[in-house]
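**Q** Any chance you can model this:
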Amino acid sequence: MNFVLSQHAADELNKAGRSQIQQEWIYRALNNPDFSDTDNRTNTIRVWKRIPEFGNRALRVVYNPNTEPITVVTVFFDRGYKG
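**A** Numbering: from 1, shown residues only. Prediction:
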């Protein structure tokens, strides 16, 4: 699944502590999520993927499925994910 980053997502990835998030991990989360759901308020899809290379933490990727290519709205490690 091809994707582009929204300005917000790009800005988030440039924040201290988030620059370690690799594009390949985003791609992995989008193509093979551990869990996903739809946020009906914002018409976005949220996916989570455990990243073994980063202490098995859960990467959360939120994207707009109605664009081509899809637009990643935000991405971060979700400390609250229990799945």
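**Q** Confidence-wise, which helix or strand of this protein is lowest on average?
**A** The weakest-scoring helix or strand in the chain, judged by mean pLDDT, DSSP states H and E, is helix 7-13 (a mean of 92).
**Q** mind listing what's buried in the next helix or strand after that helix?
**A** Where DSSP states H and E defines the elements, the next helix or strand beyond helix 7-13 is helix 23-31. Of the residues in helix 23-31, those buried by neighbour count under the rule 16 or more other Cβ atoms under 10 Å are 25-26, 28-30. Backbone N, C-alpha and C define where each C-beta goes, glycine included.
**Q** wait, isn't residue 50 in contact with residue 58?
**A** Yes. Between residue 50 and residue 58 there is a contact under Cβ atoms under 8 Å: 5.6 Å.
**Q** Between the two, which has more neighbouring residues?
**A** More neighbours surround residue 58 than the other of residue 50 and residue 58, with 20 against 17 (other Cβ atoms under 10 Å).
**Q** how much space between that one and residue 68?
**A** Going from residue 58 to residue 68 by Cβ to Cβ, to the nearest Å gives 27 Å.
**Q** now swap in residue 33 and tell me
**A** Going from residue 33 to residue 68 by Cβ to Cβ gives 20 Å.
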